[in-house]
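[1] how would this look folded up:
(chains A and B, ligands or ions: 2)
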Amino acid sequence: MNPTITKNGIALYTILRKEVVRFIRIWSQTLIPPAITVTLYFIIFGKLIGSQLRDIQGISYIQYIVPGLTMMSMITNSYANTSASFFSAKFSKSIEEMLVSSMPNYIILLGYLFGGMLRGLLVGIVVMLTSLFFVPIHIQHLEVFISMAVLASLIFSVAGLINAIFAKSFDDISFIPTFVLTPLTYLGGVFFSITQLPVAWQKLASLNPILNIVDTFRYGILGISDVNIYHSYTMVCFLVVVLLIWCLVLLQKGVGLRS
Amino acid sequence: MTALTVTNLTKIYPRNLIALKGINLTVSEGDFFALLGPNGAGKSTTIGILSSLINKTSGTVSVFNFNIDTDFEKAKSCIGIVPQEMNFNPFERVLDILINQAGYYGIPRKIAFFNAEHYLKKLHLWEKRHNRVMHLSGGMKRRLMIVRALINNPRLLILDEPTAGVDIELKHSLWQFLTELNQQGVTIILTTHYLEEAEFLCKNIAIIDHGTIIENAPTKTLVNRLPIKTLILETSTSIQQLPKLDNFICRLIDNTSIEVELLKGQSLNDLFMVLNNHQIQITNVQNKMNRLEELFIRLIAENKAKSA
Ligand SMILES: Nc1ncnc2c1ncn2[C@@H]1O[C@H](COP(=O)(O)OP(=O)(O)OP(=O)(O)O)[C@@H](O)[C@H]1O
Ligand SMILES: [Mg+2]
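    Ligands and ions are numbered 1, 2, ... in the order given. Below you'll find the model as predicted:
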């Protein structure tokens, strides 16, 4: 095989392995909390409150929130993985181990992204499995379900990485999740259908990428959606491309990494 | 073949802080090269640029004829870097750090393990291979940085103050280790504040001050360049007053020690003869200062006077 490809493959494997070992080693902080959170959501919103709510588009409330809760966990975990891991490496300066080596920047990018995506997807599986204890689920559109899971974890892994690149302190990597991601997620139709909103708000809400992701993901699982899924895919793919290019340019310029 | 060529390298940090003012350096393959300079002279900045941790403002750098901008993968795989400051993840274990570092260079784990074992044993860290970095002593961490820099078998090893804060015994064993490495063909560049270190180890020396190279010559030439050499002589008997000693410039420090400024061309033998004629027996001779130190202080002072 081409020696450069082999070398880059080894470098990529090294980062990915390190990332996976990291989040598996701290499984009690990475894989268990989403399962607990989602169990609580199911008990409170699904069983206690949800039993008093009407069905949404013919789907029971507890079933209706499964895709959103799964997606919410995937988003938070992908984001948390790249942002925390990359920023810690920056903080301890051990990032220099990668920067001085001969591997190209796009391998660093891919290594971290795959790490974040893997955690996001793994958490997604954990949450889905947990939800099976509460409701039966039959996936309606497998290709939509899988592609949205992959694209969403990719988007938020890149976003987390970009956050870590700019971050100067640990506070900076909790700012975006708290003040941007959480509100967008809660307003992103995890717990309600946007058709319940006034028309003007519906228009505004449909610009929220998280809403598009959640809704399309819900279409993949339950077969119902509020937004046009082609519109969603266009938006999501556009975001992927923009974020990837932005991140690569940042790494290439050495923003926040090289003085 | 040249191991390193640096041309017109400049670095301006934010707020217009000029750290390098267009330096030129050439280091041949197999050389043992010292970059000497006072604090803040620009040594670490230069090394940072070589290791691509610092973006240069202008100029070119090539390593074994590979340009670090256009051919960076090839250039970088020739280099091993030992930074001035620790840059470990303190929670990582010694062996993991080495195997991962090798992995970043595209070296398979098996070969990495083999290299790691070799150098860990050489630098007496093999017993610590499963320890976390935070449980290593300062000297051990410094040695680990050297092992890490060697894990990709670099042809050019660059060390930024490798012996800062290590004890004398370790310093000497590191010197020996580096000398052996150099004999095996590895080109070495180091920065240091210890002039004896440069004099003992290095074949060539460049002196940098305020971002300019003010001297660049073989160590021998530099040491011999000093017009005078100041010696301290100890006498066997007490002397009350120093007799006139021909052309030698002497001064009595105390009753049993004389300071002599030996000019170029004056021999120590003649001095002893003259002293002998005056019945003065010498029991010990020593340099007042390390010779390079003397030159260094002179050059820095001259540079200051020039820029003032
Ligand atoms: N990241 C940085 N940002 C701004 N200025 C810097 C930075 N790093 C170094 N400098 C400045 O550049 C100049 C050269 O610093 P450098 O670290 O290269 O010196 P040095 O020769 O390695 O000194 P020392 O012997 O103390 O390690 C100094 O004036 C320093 O303040
Ligand atoms: Mg320095």
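[2] give me the pLDDT value at the closest residue to ligand 2 within the stretch 151-300 of chain B.
    With Cβ to the ion as the measure, residue B:160 is the residue of the stretch 151-300 of chain B nearest to ligand 2, at 5.8 Å. Heads up, the C-betas are built off the backbone N, CA and C, glycines and all. Here, the pLDDT recorded for residue B:160 equals 96.
[3] touching, it and residue B:191? I think so.
    Yes. Judged on Cβ atoms under 8 Å, residue B:160 makes contact with residue B:191 at a distance of 5.2 Å.
[4] next, show the common contact partners of these two.
    Here residue B:160 and residue B:191 share the contacting residues B:43, B:44, B:47, B:84, scored by Cβ atoms under 8 Å, 6 or more residues apart in numbering or on different chains.
[5] packing partners for the lowest-mean-pLDDT helix or strand in chain B?
    Least confident helix or strand, chain B: helix B:291-307 with a mean of 75, by mean pLDDT, DSSP states H and E. Contacts defined by 3 or more Cβ pairs under 8 Å, 6 or more residues apart in numbering or on different chains; DSSP states H and E place helix B:291-307 against helix B:195-201, strand B:204-209, strand B:212-218, helix B:219-225.
[6] which stretch in those has the least confidence?
    Note on those: helix B:219-225 shows the lowest mean pLDDT, a mean of 81.
[7] may I see the buried residues of that helix?
    The neighbour-count check on helix B:219-225 (16 or more other Cβ atoms under 10 Å in any protein chain shown) flags B:219, B:222, B:223 as buried.
[8] which residues touch residue 160?
    All of this is about chain A. Here residue A:160 is in contact with A:78, A:79, A:80, A:81, A:82, A:83, A:84, A:86, A:116, A:173 (Cβ under 8 Å, 6+ apart).
[9] that's the wrong chain, I wanted chain B
    B:43, B:44, B:47, B:81, B:82, B:83, B:84, B:190, B:191 are the contacts of residue B:160 under Cβ under 8 Å, 6+ apart.
[10] next: residue B:3.
    B:27, B:28, B:29, B:30, B:31, B:63, B:64, B:155, B:156, B:187.
[11] ok so it is a strand residue?
    Yes. Assessed with DSSP: H, G, I helix; E, B strand; the rest coil, residue B:3 lies in a strand.
[12] and the gap between it and residue B:186?
    Distance of residue B:3 to residue B:186, given as Cβ to Cβ, to the nearest Å: 9 Å.
[13] any shared contact partners between the two?
    Common neighbours of residue B:3 and residue B:186 (Cβ under 8 Å, 6+ apart) are B:155, B:156.
[14] and residue B:280, that one's in a helix?
    No. Residue B:280: not assigned to a helix; according to three-state DSSP it is coil.
[15] tell me how many other residues crowd it.
    18 (other Cβ atoms under 10 Å in any protein chain shown).
[16] tell me if I'm right that it and residue B:239 touch.
    Yes. Contact criterion Cβ under 8 Å: residue B:280 and residue B:239 qualify, at 6.6 Å.
[17] which parts of the stretch 1-150 of chain B are strands?
    Counting by DSSP state E, counting those that start in this stretch, the stretch 1-150 of chain B has strands at residues B:2-13, B:17-28, B:32-36, B:58-63, B:66-67, B:79-82.
[18] switch the ones you listed over to TSV; also include mean pLDDT and distance to residue B:103.
    Converted to TSV, the strands of the stretch 1-150 of chain B look like this (pLDDT from 0 to 100; distance: least, Cβ to Cβ, whole Å):
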stretch	mean pLDDT	distance to residue B:103
strand B:2-13	97	25
strand B:17-28	96	29
strand B:32-36	95	30
strand B:58-63	97	21
strand B:66-67	96	22
strand B:79-82	96	15
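[19] ok, residues contacting stretch B:274-285?
    Contact with stretch B:274-285 is made by B:231-237, B:239, B:243, B:245-246, B:248, B:268, B:272, as judged by Cβ under 8 Å, 6+ apart.
[20] of all the strands of the stretch 1-150 of chain B, which one is nearest residue B:204?
    Residue B:204 lies closest to strand B:32-36 among those, at 5.0 Å (Cβ to Cβ).
[21] next, the angle strand B:212-218 makes with that closest one.
    Using axes from the mean of the first three to the mean of the last three Cα atoms, to 10 degrees, the direction of strand B:32-36 lies 150 degrees away from that of strand B:212-218.
[22] can I get the CA coordinates of the helix or strand of chain A with the lowest mean pLDDT in CSV?
    Here the helix or strand of chain A ranked lowest by mean pLDDT, DSSP H and E is helix A:199-205, holding a mean of 86. C-alpha atoms of helix A:199-205 as CSV (Å, rounded to 0.1, in the frame of the first residue of the first chain):
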residue,chain,number,x,y,z
VAL,A,199,-47.5,30.2,12.3
ALA,A,200,-44.9,33.0,12.7
TRP,A,201,-43.1,31.0,15.4
GLN,A,202,-43.2,27.9,13.2
LYS,A,203,-41.3,29.8,10.5
LEU,A,204,-38.7,30.9,13.0
ALA,A,205,-38.4,27.5,14.5
